[in-house]
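In: Please find the sequence and the predicted model below.
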Number of protein chains: 2
Amino acid sequence: MEIDDRLHASGRRMTVQRRLVLEALQRARHHVTADDIATRVRARHPQIDPSTVYRNLEALEELGYVTHTHFDDRVTRWHRADAQRHGHLVCRSCGAEQEVPIGLLEPLARRLRDEHGFQADLAHSAIVGVCKACANVSSE
Amino acid sequence: MEIDDRLHASGRRMTVQRRLVLEALQRARHHVTADDIATRVRARHPQIDPSTVYRNLEALEELGYVTHTHFDDRVTRWHRADAQRHGHLVCRSCGAEQEVPIGLLEPLARRLRDEHGFQADLAHSAIVGVCKACANVSSE
DNA sequence: ACCACTATTGCGGCTCTTTGCGATAAGCAT
DNA sequence: ATGCTTATCGCAAAGAGCCGCAATAGTGGT
């Protein structure tokens, strides 16, 4: 189903602003912040308010078209929902980011579901820790 | 080792402000926001600036005396580092919070360590998902 | 007790994000 | 095309957190 139809089906409207946010997200490969998007959109259309970008990301997320992930610097990053789902590892020492297959996180998700009835979304927040490189340095 | 000594050993000083932040954290049982602390401290000592509280929490964290955890709302919560470590489950639908024993998260941490050399701190960010109650409601 | 050194503070200001509100403009019916 | 309803927008302001800077005050040495 087309984006426009999905918007309409949920009682929303397609606006110029909405389309621009969407396009910016299409072009962005991965993990961009709302501020990034706002900056890109405003580069060509300065009259568009940042808050509009934030609100549109939210709307598009409710529609299931985009998703956000929390990284450690408490910055939210957005990407298209059709991208391959994956977990994120972030090093608290050097900031390096690494992606891991979602399957790796599955066992924990299953256990939380079985033992607590909790349907965890383990890709929603990055996993913070110390990466291999930094661990080696600090143990020398 | 006493807090004062640890401070000195790291080239820091013990100040009135530092002590007040520390005391506020002692009294607070769990998971308070920096703003909570600031408000409590400022109730009796209005001249203490909020930014000082933020800086002190950071300093005390580097010392290993306090820790912070990210919940799903973008507010960071702090607690004493000597408290029992545990994971957090947060429902994205109703906001309910639940604690789970850290042991539950261990298998994943071990796997990340073994397969990626990554020392994960799985208690650092809350795990977001849908709690049992909300899952039941939405499936009815 | 006094000094010098510098960690820390309070203040002002700035960034990123969210929210309230009146104005604007999609999308539907006529 | 025209009007109506109301989703959405732009703007202003607030909230959370951070940072630079000049003034203040712990600390260790004399």
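Out: Yep, it's here. Just so we're clear, the structure is a prediction, and the values are computed from it rather than from any experiment. Numbers count the residues shown, from 1 in each chain, chains lettered A, B, ... in the order given.
In: my guess is residue A:136 is in a helix, correct?
Out: Yes - Residue A:136 forms part of a helix when assessed by DSSP: H, G, I helix; E, B strand; the rest coil.
In: neighbours around it, how many?
Out: 11 (other CB atoms under 10 Å in any protein chain shown). From N, CA and C alone the C-beta is placed, and that goes for glycine too.
In: That one and DNA strand D: what is the separation?
Out: Between residue A:136 and DNA strand D the computed distance is 27 Å (CB to the nearest atom of the strand, to the nearest Å).
In: Which pLDDT value belongs to that residue?
Out: Looking at residue A:136, its pLDDT reads 88.
In: any idea how far it lies from DNA strand C?
Out: Residue A:136 is 29 Å from DNA strand C, by CB to the nearest atom of the strand.
In: Same question for residue A:94.
Out: Distance from residue A:94 to DNA strand C, by CB to the nearest atom of the strand: 21 Å.
In: Low-confidence ranges, chain A, go.
Out: A:1, A:138-140 (pLDDT under 70).
In: Could I get the contacting residues of the residue nearest the centre of it?
Out: Residue closest to the average C-alpha location in chain A (CA atoms, centre = their mean): residue A:68, at 2.5 Å. Listed by CB atoms under 8 Å, 6 or more residues apart in numbering or on different chains, the contact partners of residue A:68 are A:57, A:61, A:76-79.
In: before we move on, what about residue A:28?
Out: Contacts of residue A:28 by CB under 8 Å, 6+ apart are A:36-37, A:40, A:79.
In: The same query, at a cut-off of 10 Å, please.
Out: A:36-37, A:40, A:77-80 (CB atoms under 10 Å, 6 or more residues apart in numbering or on different chains).
In: what's the burial count for the closest residue to residue A:107 other than its chain neighbours?
Out: Leaving aside its sequence neighbours, residue A:107 sits nearest to residue B:107 (CB to CB, 6 or more residues apart in numbering or on different chains; 6.4 Å). The number of residues packed near residue B:107 is 12, by other CB under 10 Å.
In: for residue B:107, helix, strand, or coil?
Out: Taking three-state DSSP, the label given to residue B:107 is helix.
In: host element of the residue lying closest to residue A:120 once chain neighbours are set aside?
Out: Spatially, and ignoring its direct neighbours in sequence, residue A:120 is nearest to residue B:129 (3.9 Å; CB to CB, 6+ apart). Residue B:129 belongs to strand B:127-130 when assigned by DSSP states H and E.
In: And for residue A:113?
Out: Going by DSSP H and E, residue A:113 is in helix A:106-116.
In: Using CSV, write down the CA coordinates of that helix.
Out: C-alpha atoms of helix A:106-116 as CSV (Å, rounded to 0.1, in the frame of the first residue of the first chain):
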residue,chain,number,x,y,z
GLU,A,106,16.3,-13.4,20.4
PRO,A,107,17.0,-15.8,23.3
LEU,A,108,16.7,-13.0,25.8
ALA,A,109,13.5,-11.7,24.2
ARG,A,110,12.1,-15.2,24.3
ARG,A,111,12.9,-15.5,28.0
LEU,A,112,11.4,-12.2,28.9
ARG,A,113,8.3,-13.2,27.0
ASP,A,114,8.0,-16.6,28.6
GLU,A,115,8.9,-15.7,32.1
HIS,A,116,7.5,-12.2,32.4
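In: who does it touch, helix- and strand-wise?
Out: strand A:119-120, strand B:86-91, strand B:97-101, helix B:106-116, strand B:127-130, helix B:132-138 (3 or more CB pairs under 10 Å, 6 or more residues apart in numbering or on different chains; DSSP states H and E).
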